[in-house]
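Just the structure for this:
(2 chains)
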Amino acid sequence: MDDIKVNQNPKLGSMDRPNSYIGRSLPRENAKKHLEGGGQFVDDLVLPRMLHVAFLRSPFAHAEIKSINVEEAKKSPGVFDVYTAKEIDEYCTPWVGTLGHLGEMRSPEQTPLAKKIARWQGEPIAVVIANNRAQAEDALELIEVDWEEKDAQVDMETALDDNAVVIHPELGSNLFWTRTVNQGDVNQAFETSHAVVQTTLDFARHTGVTLESRGIVADWNKSEGKITIYHNGQAPHMMQHIIAKHLEVNEGLVRIVSRDVGGSFGIKVHVYPDEMAVAAISKKLGRPIKFIADRLESFTTDIHARCHKISGKLGVDKEGKILAMEINDLSGIGPFSMYPRTSAIETNQVLNLSGAPYVIPNYKAVGTVVFQNKTPMCQYRAVGHPIAVAITEALIDKAANKIDIGLSEIRKKNFIPDNAYPNKTPSGVPLEDLSHEASMDKLLTMMNIQDIEKEKIANLDKNVLCGYGVISMCEVTNPSPLFYGVGGAHISSQDGASIRLEGSGAIHLSSSITEQGQGTEAIMKQIAADQLGVSMDSVRVTLGDTDATPYGGGTWASRGAGIGGEAVLKAARILKDNILDIAAAIMQTDKNSLDVENNTVIRKNGGEGITLQQLAETVYYRGHELPKGTNPELLATASFLIEGIPFVFTNSAMGCKVSIDQDTGIIKIDKFWAVEDCGTQINPKLVEEQIRGGVIQGIGGALFEECVYDDQGNMQNATMADYLVPMAYEMPDIIVDHVTTNSGRSIIGAKGAGEAGTGGAPAVIMNAVNNALKHHGTEVLSQPITPEKILRALGKI
Amino acid sequence: MKAPDFSYFEAQNIEDAIKYKSEDDEAVILAGGQSLLPALNMRLSSPSCLIDISKINNLNEIKIEGDFINIGALATHSDVMNNDLVHEKLPCLVDILKMVAHAAIRNKGTHGGSIAYGDPAAELPAFAVAMNAEIVLSGLSGQRIVNAKDFYLGLFETDLKSDEILIAIRYPLLDVNQHLIFDEVCRRHGDYAMAGLMAKVELDQSKINNLDLVYFATGDKPNVGQNTAKLVIDDGYDYEKLKKSLASEIDFAGDLNSSSEMKLHLATILINKILNKLER
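This is a model prediction of the structure:
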């Protein structure tokens, strides 16, 4: 899509002015750096005296460590030492993955290395420290462990049975957390419903598959009492607190540096035992220690996500108006709740978000989260959304089919009207500034459903079936302190920006938001240059360093643009105000007659201005020339947080058309359409790539990705050859358009745009597939929808 | 994911490579490395030595020898796909190679490596069997030629002796009546197939005179559907009949992406796809 020509946010001023960058698809500079191989990732870092580690990981899902003998491993060439839990625990205190704001959560203490019992295949139990990774791996083979394999609780569906293997006997059962939401009276509403439909959906576990795997270099400087952690994470200040707390170091003496990061998707915002072990080892040895997860480790130790079984029921009246919705969700999270965000959030989001676009007067939702002997599960891109959207939209399609009305018609009948905000989700979460009606209308114009319907009918008796779907959804973005902070987590919901004019006239900007490849740096630069009236190339950006950036939350929950961007905007406006004050003093004129354009303070009525370089030189080098009492401050800092509501929601409408080959079961997505309302788009191309990238990950969940386990809890497909992610050939045309409803919570008006694709694509693909299969009286209700599932549904095998 | 220690020998000629290999049972041949190196990094094998044959001259030649097209073992998949002789004499191979992994892998992976490795899910071993190719092996006692049908013995097991190196594959040139038609069903482009079929068809006018069906990604090695091929010649495509026949002559082994039932079904419908292609 071209530049949007008019910025639809009056608070940001006209786009017909010099340096109006907000709303333009400008190329981003760091893409060039990465194409040229000039990035600096954790694994690029080489420090003097640095050692490398490799972890011995449990080969079993559940087993007791009767004894470990590391003596032979210690003698292996190049090995510095070998540690088990005993040595590491002296330098790192245990943690517990629970928070206080969502009701009782029960999860036991976790330590960097497992003691006595290993509870998932891949859990670290010993670590070899060596001159290089290969030598460390050689030594791993020499560690002798006397294992006693235990029965594993692999299946979440039997985890609460009487004869289940209780993974943490001290808890008495495998229940981690449960929540019930009850609004109105669903039972009574179902009784009075004209039609009631039900379904049960299964979502396989999958994972984030970042291009760059997790990595850390920890460098304890004994003489300074300071630890520097180079880490490819998303939330440096959160890690600063975690490291300080568990290594018992003064928090002010912990520095977290996150340089270039090759994708994160929420995978890298959690505390991993192996990374904590690396920090502990560095403190113990006083040497830099590097750990880079290899792909096998990524698959068995990066958090997994989804793993839900959800049943739902929807009651409608004769016209298709929804009277009640009820859902019951079960999720398995592995043996521990992840720290510090907990593994309750995905289920919590399912309960909060199901039915969110619609008026549903009676709503009941029950979520149950259990332990099992698989890799820990936690928040990954579009946390909970795919499940919430899929159950809602599957039920709505079923209701439409049952009372025989159109798929878009039933949705339009039930949307919370665009003019009825502020409003609430059926679960009671506040909503504002959304546009389901306008977005669906736009989607329908783009899709031309009549033509698709014709093609579908023409293909009914052919080998290749045609189907389509349309959905609407809400996306959680820009969270407030009510997300984590209120529960006791040291995770900032506020973000800061600091911006300065330097002696050369250059602008330096730093922000607590981080970059993982999505273009954070580019949009921050656009906002700063736009608001200051300077060229893009005069702005330099620093991110990802707790010693160099303002304090703040970092990048997760689609908060970079809406929260971090607003902080940049505010700081830039303060700096501009200071610049104009100084300029007015130098130019001996009224401040209101001045403005900044193209790096120059201009007189609005004409006449000679002064460049920012001249102004900065005067302030920094010849301050005596300034009138007495002039404030010489050319550094401005501002912060922003969302107040009063839990989240700023974004909404999307999506459609897709699929073809299904009845011989092979292969599903082809012919085309995908998305309409997103994320308020102000700072860089439309980057927004669209977020949506497209998100859709691709959603296609992964819907059709390809699954962490396959056997009955004993062994992961079967922990390689990139066997774990299928969609690649270029599997990516359809994705047509993206927008409706713009600015968020009233900020000047910039931006809502998040990072997760809708991943949240909505699985639902619309599943609906399209079942739309195609309907003629054959069958359906597929489990994701990923594999060719074999299709053929079984069609009775071909 | 770092390989265990091994020594490395860069062979300058085939004789050196054979000599070295005959002296060390634990040594393995390194050509393109596209299967071997991942296996090493995952520590699935720990050979004593890698004998690198990739620098040996002339082992990547593609030439016509009488009624054969001879592809040197070191010709990469990309070399083969871009070779004029192959385009002219064996164009079906170009289409087949498009389905082999992705460009980066095809730039390094070798024709001989794929044939010698004998992955039952790979296209080329089945192609060689269907084409009735001759596999040229060189060892201490000189060269010998093994027919591809006799070369594959079991799962990753071939007739290659411990002192031997595969140096070329000789494909008989097809007559005007002969066609090699292939198809496969994959979940993603470039992946190993859930099931694939190489069919060599000999036509008399429009009637099928002779048919060889060789499956890949179905069992422990390229699986030949001999009786099924006869049924096709006699009775044409009959799903149930052919499925029954295939079930009786091939031991379908399921994998992560498709069960044995799925493979049997796909193997059957692949015959129909091949016949449809033939009509076109």
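
any chance you could map the strands in chain B?
Taking DSSP state E as the test, the strands found in chain B are B:7-10, B:28-30, B:49-52, B:62-65, B:68-72, B:134-139, B:142-147, B:152-154, B:157-158, B:165-172, B:178-185, B:195-204, B:207-216, B:223-224.

Give me the pLDDT value at B:M1.
Looking at B:M1, its pLDDT is 87.

can you check A:A718 too?
Reported pLDDT at A:A718 in the predicted model: 96.

quick revisit: just put the strands of chain B in a markdown table and tack on distance to chain A.
Using the backbone N, CA and C atoms, a C-beta is placed for each residue, glycine as well. A markdown table is the format used below for the strands of chain B (distance: least, C-beta to the nearest C-beta, whole Å):
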| stretch | distance to chain A |
| --- | --- |
| strand B:7-10 | 14 |
| strand B:28-30 | 18 |
| strand B:49-52 | 15 |
| strand B:62-65 | 28 |
| strand B:68-72 | 26 |
| strand B:134-139 | 26 |
| strand B:142-147 | 29 |
| strand B:152-154 | 22 |
| strand B:157-158 | 21 |
| strand B:165-172 | 24 |
| strand B:178-185 | 5 |
| strand B:195-204 | 9 |
| strand B:207-216 | 15 |
| strand B:223-224 | 19 |
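
residues touching the closest residue to chain A within the stretch 151-280 of chain B, list them.
Closest to chain A within the stretch 151-280 of chain B is B:H189: 3.6 Å, counting by C-beta to the nearest C-beta. Each residue near B:H189 by C-beta atoms under 8 Å, 6 or more residues apart in numbering or on different chains is listed here: A:727, A:729-730, B:99.

let's go with 6 Å and repeat that
Shown in contact with B:H189 (C-beta atoms under 6 Å, 6 or more residues apart in numbering or on different chains): A:Y729.

same question, A:L99
Contacts of A:L99 (C-beta under 6 Å, 6+ apart): A:342, A:487-489.

correct me, but A:F55 touches A:P124?
Yes. Counting by C-beta atoms under 6 Å, A:F55 does reach A:P124; the two are 4.2 Å apart.

Please identify the member of the contacts of A:L99 with the greatest number of neighbours.
In terms of neighbour count, A:T342 stands highest of these at 28 neighbours, by other C-beta atoms under 10 Å in any protein chain shown.

Need the per-residue pLDDT for that one.
pLDDT at A:T342 comes out at 97.

Pull the contacting residues for it.
By C-beta under 6 Å, 6+ apart, the contact list for A:T342 reads A:97, A:99.

quick revisit: quick one: which two of the contacts of A:L99 are the most distant?
Farthest pair in the contacts of A:L99 (C-beta to C-beta) is A:T342 and A:G488. Separation: 10.5 Å.

Now tabulate the contacts of A:L99 in a markdown table and tack on secondary structure.
Listed next are the contacts of A:L99 as a markdown table, based on DSSP: H, G, I helix; E, B strand; the rest coil:
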| residue | secondary structure |
| --- | --- |
| A:T342 | coil |
| A:G487 | helix |
| A:G488 | coil |
| A:A489 | coil |
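
Now B:P47. Nearest residue, chain neighbours left out?
B:V28 (4.3 Å; C-beta to C-beta, 6 or more residues apart in numbering or on different chains).

Quickly note the distance from that neighbour to B:L40.
Separation of B:V28 from B:L40 (C-beta to C-beta, to the nearest Å): 9 Å.

Counting neighbours, go ahead and name the busier of the two.
Using other C-beta under 10 Å, the more surrounded residue of B:V28 and B:L40 is B:L40, with 21 against 16.

Can you verify my assumption that that one contacts B:P4?
No. Under the criterion of C-beta under 6 Å, B:L40 is not in contact with B:P4, lying 7.3 Å apart.

wait, what's in contact with residue 96?
Picked chain A for this. With contacts defined as C-beta under 6 Å, 6+ apart, the neighbours of A:V96 are A:E109.

should've been chain B
Contacts of B:I96 by C-beta under 6 Å, 6+ apart are B:123, B:127, B:182.

got it, and B:R188?
B:R188 touches A:724, A:730, counting by C-beta under 6 Å, 6+ apart.

What of A:P417?
So A:P417 contacts nothing (C-beta under 6 Å, 6+ apart).

How is chain B divided into domains?
According to automatic domain parsing, chain B comprises the domains B:7-52, B:62-172, B:178-279.

pLDDT of the first one, averaged?
Within the predicted structure, the mean pLDDT of domain B:7-52 is 95.

related to what we said a few turns ago, quick one: the residue of the stretch 151-280 of chain B closest to chain A from A:D138, how far?
Separation of B:H189 from A:D138 (C-beta to C-beta): 38 Å.

do A:P273 as well
Counting by C-beta to C-beta, the separation of A:P273 from A:D138 is 23 Å.

residues touching A:V695, list them.
Neighbours of A:V695 in contact, by C-beta under 6 Å, 6+ apart: A:672, A:734, A:757, A:761.

where do the contact lists of A:F55 and A:P124 overlap?
A:D274.

In which helix or strand does the closest residue to B:D191 other than its chain neighbours reside?
Of all residues not flanking B:D191 in the chain, A:L724 sits nearest, at 7.3 Å (C-beta to C-beta, 6+ apart). Using DSSP states H and E, A:L724 maps to neither a helix nor a strand.

residues touching A:L724, list them.
Neighbouring residues of A:L724 by C-beta under 6 Å, 6+ apart: A:704, B:187-188.

So which of those sit within helices?
Among the contacts of A:L724, no member falls in helices (DSSP state H).

follow-up on the earlier one: any idea of the pLDDT on the residue of the stretch 151-280 of chain B closest to chain A?
For B:H189, the predicted pLDDT is 91.

Ok, A:W177 next?
98.

returning to what we had before: who wins on neighbours among the contacts of B:I96?
Of the contacts of B:I96, B:F127 is surrounded by the most neighbours, 28 neighbours in total, counting by other C-beta under 10 Å.

ok, that one to chain A distance?
B:F127 sits at a distance of 21 Å from chain A (criterion: C-beta to the nearest C-beta, to the nearest Å).

my guess is that residue meets B:L197, correct?
No. With contact defined as C-beta under 6 Å, B:F127 does not reach B:L197; the gap is 10.7 Å.

Adding distance to A:E566, write the contacts of A:L99 out as JSON lines.
As requested, the contacts of A:L99 are exported to JSON lines (distance: C-beta to C-beta, whole Å):
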{"residue": "A:T342", "distance to A:E566": "27"}
{"residue": "A:G487", "distance to A:E566": "24"}
{"residue": "A:G488", "distance to A:E566": "26"}
{"residue": "A:A489", "distance to A:E566": "22"}
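
And those residues, which is closest to A:G467?
A:T342 (38.1 Å).

Phi, psi for A:K74 please.
The phi/psi pair for A:K74 (degrees, to the nearest 10) reads phi -60, psi -30.

For it, list the residues it contacts.
A:V82.

Check A:N742 too.
Contact analysis of A:N742 by C-beta under 6 Å, 6+ apart lists A:9, A:679-680, A:749.

Give the full set of residues in contact with residue 113.
No chain was given, so I picked chain A. A:85, A:88, A:124-125.

meant chain B, my bad for not saying
Residues in contact with B:G113 (C-beta under 6 Å, 6+ apart) are B:31-32.

So which bits of the stretch 1-150 of chain A are right by chain B?
Within the stretch 1-150 of chain A, the positions near chain B by C-beta under 6 Å from any C-beta of the partner chain are A:133-134, A:137.

As CSV, these with neighbour count and distance to A:H194 would be great.
As requested, these are exported to CSV (neighbours: other C-beta atoms under 10 Å in any protein chain shown; distance: C-beta to C-beta, whole Å):
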residue, neighbour count, distance to A:H194
A:R133, 18, 65
A:A134, 18, 68
A:E137, 23, 65
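
give me the low-pLDDT residue ranges for the stretch 251-400 of chain A?
Of all residues in the stretch 251-400 of chain A, none has pLDDT under 70.

ok, the nearest residue to A:P422 once chain neighbours are set aside to chain B distance?
What sits nearest to A:P422 in space, not counting adjacent residues and going by C-beta to C-beta, 6+ apart, is A:E432, at 4.3 Å. Distance from A:E432 to chain B, counting by C-beta to the nearest C-beta: 41 Å.
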